[in-house]
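**Student:** Structure of the sequence below:
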Amino acid sequence: MPMTSETQDIESLAKQVESHPDYRVLRRLKPQTEFSVQAKGAIARGVVVDTETTGTDPSADEIIEIGMVVFEYDTATGYALRVVDIYDALEQPSHPIPPEVTQIHGITDAMVVGKRIDDQRVASMLENVTLVVAHNAAFDRQFLERRLPIFANVAWGCSFKEIPWSLEGYGSAKLDYILNVMGYFHEAHRAEADCLALLEVLQMPLQSTGMSAFASLTKSANVAGYRIWARNSPFDNKDRLKARGYRWAASEKCWYLESTEATLAADLSLLKIEGYNSKPAKVELEKLDATIRYSKRGGERVIKMI
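**Tutor:** Reported below is the predicted structural model:
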């Protein structure tokens, strides 16, 4: 869309301001649906999802808005080629939306009366999708699997956790912070707007990996992970385990650590020393691939002697 004379004047002022070292300018993000990228490899489909909910507990709270943006991407580079479908829908929950939650996303009880997510539309959008991307997959996946079980059948990636934002020099991995550093702002905390904004962020080339943010994410998603359960580790070793990054799972009454194929052997060696005082021990290994990761559903577990 060509700029009007008024827009040109404002843009000229903005450039003058941002040329001064004491000021920065944020521009409203205008999401793209067609990207000026030529495919170098096979073309696949991904989908960016986001939810707004009545609260933070996926076992009790409910989805009140879903946003989905399906896009085609070049598997050779990870760059998006085009948006092929967009869906945004509200849904009336079984109980009133808490006022403090409405203050975050602006969705009121009046806005959702009689509204419902179209399950068939969602299912059709997930056909042939290789990866579901959410910026907080641990949150969105559990809500979506409870409301729309079809989300349990696809691979997931988390752009918040699996892209090395800190190595890129970002002080935070929050979506609005990343956009601000890029020089943009957007209508945060509405599902469709967040999806489109995240798709723009995923096009960013990363200096730390030499690939696009989305390519880095797909590479991470394809790597199998493990959860090490330190069964029956002596109580007196809890501080050592905590210092090594282990977390306490109250439901399992056990310390656990997230590991990868690359670090598993070293993590198990250290666990034997720090967790079991160098004595032989049985631990549980839970395999976590992209179809399980971020879900409440557990992965396959095996017993291993260390």
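**Student:** and A188, what is it in contact with?
**Tutor:** Neighbouring residues of A188 by C-beta atoms under 8 Å, 6 or more residues apart in numbering: L175, D176, D194, A197. All C-beta spots, glycine's among them, are computed from the backbone N, C-alpha and C.
**Student:** For it, give me phi and psi.
**Tutor:** Backbone geometry at A188, expressed as degrees, to the nearest 10, gives phi -70, psi 160.
**Student:** And the one 3 residues further on, by the same measure?
**Tutor:** Backbone torsions for A191, taken as degrees, to the nearest 10, come to phi -60, psi -50.
**Student:** and what of E187?
**Tutor:** In this entry, E187 is assigned phi and psi values of phi -80, psi 90 (degrees, to the nearest 10).
**Student:** got a pLDDT number for it?
**Tutor:** Note on E187: pLDDT of 84.
**Student:** Apart from its chain neighbours, what residue comes closest to it?
**Tutor:** Counting by C-beta to C-beta, 6 or more residues apart in numbering, the nearest residue to E187 once its immediate chain neighbours are dropped is A193, at 4.2 Å.
**Student:** in what helix or strand does the one you found lie?
**Tutor:** Using DSSP states H and E, the secondary-structure element containing A193 is helix 191-202.
**Student:** One more: K238?
**Tutor:** helix 238-243.
**Student:** packing partners for that helix?
**Tutor:** Identification of packing neighbours for helix 238-243 by 3 or more C-beta pairs under 8 Å, 6 or more residues apart in numbering; DSSP states H and E yields strand 254-260, helix 264-276.
**Student:** what sits up against the next helix-or-strand element following the longest one?
**Tutor:** By that I understand helix 264-276. For helix 264-276, the succeeding helix or strand toward the C-terminus, using DSSP H and E, is strand 282-288. Applying C-beta under 8 Å, 6+ apart, the contact partners of strand 282-288 are 224-232, 258, 264, 268, 271, 298-306.
**Student:** Indicate each strand paired with strand 282-288 and its parallel or antiparallel sense.
**Tutor:** Based on DSSP bridges, the pairing partners of strand 282-288 within the sheet are strand 225-230 (antiparallel), strand 301-305 (antiparallel).
**Student:** just the strands in this protein please.
**Tutor:** Under the criterion DSSP state E, strands of the chain are mapped to 27-28, 43-53, 63-74, 80-90, 129-134, 156-158, 184-185, 225-230, 247-249, 254-260, 282-288, 301-305.
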